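Visitor: coordinates only, no sequence provided:
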């Protein structure tokens, strides 16, 4: 059974850091494009970052230079390292397995709140 489970969300002060994790099961994570998507309170979904099966990484302009997507193939786990956090990064963050462009499987999300 395919499943992705996020963790690591928390309340953090502006300028702080967090690392989100996404443990995958039922499939081999590095065979697929994996994506982080977020949804801020009262707003729509926003694409944050991709990591392709070949290792290429891509970022939204809003997070470029502050966030880093990575994966640990041995642990079948995806990460999002978030530095220099801003209040506008407050959102629920979702880990998504992709398949031929589709957003295939979603996790339940993990909440990040950036506030003093």
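Guide: Yep, that arrived. Since we're looking at a predicted model, the values are computed, not measured. Numbers count the residues shown, from 1 in each chain.
Visitor: averaging pLDDT per element, find the lowest-scoring helix or strand in this protein.
Guide: Ranking every helix and strand in the chain by mean pLDDT, DSSP states H and E puts strand 102-106 at the bottom, with a mean of 92.
Visitor: taking the centroid of the protein, which residue is nearest it?
Guide: The centroid of the chain falls nearest to residue 36 when counting by CA atoms, centre = their mean (3.2 Å).
Visitor: isn't that residue up against residue 48?
Guide: Yes. Assessed by CB atoms under 8 Å, residue 36 is found in contact with residue 48 at 4.2 Å. For every residue, glycine as well, the C-beta is placed using N, CA and C.
Visitor: identify the contacts common to these two.
Guide: 80, 93 (CB atoms under 8 Å, 6 or more residues apart in numbering).
Visitor: show the pLDDT at residue 107.
Guide: You'll see residue 107 listed with a pLDDT of 95.
Visitor: wait, it sits on residue 96?
Guide: Yes. The criterion here is CB under 8 Å, and residue 107 meets it with residue 96 at 7.4 Å.
Visitor: how about low-confidence regions in the chain?
Guide: Applying pLDDT under 70 to the chain picks out no residues at all.
Visitor: show me where it has its strands.
Guide: Along the chain, the stretches classed as strands by DSSP state E are 3-7, 11-12, 18-25, 34-39, 45-51, 57-59, 67-72, 77-82, 91-99, 102-106, 110-114.
Visitor: what about residue 75, distance to residue 22?
Guide: 11 Å (CB to CB, to the nearest Å).
Visitor: who's more crowded, these two?
Guide: residue 22 (26 against 12; other CB atoms under 10 Å).
Visitor: isn't the more buried one up against residue 79?
Guide: Yes. Assessed by CB under 8 Å, residue 22 is found in contact with residue 79 at 7.4 Å.
Visitor: could you list which residues are in contact with residue 37?
Guide: Residue 37 makes contact with 45, 46, 47, 48, 93, 94, 96, 103, according to CB under 8 Å, 6+ apart.
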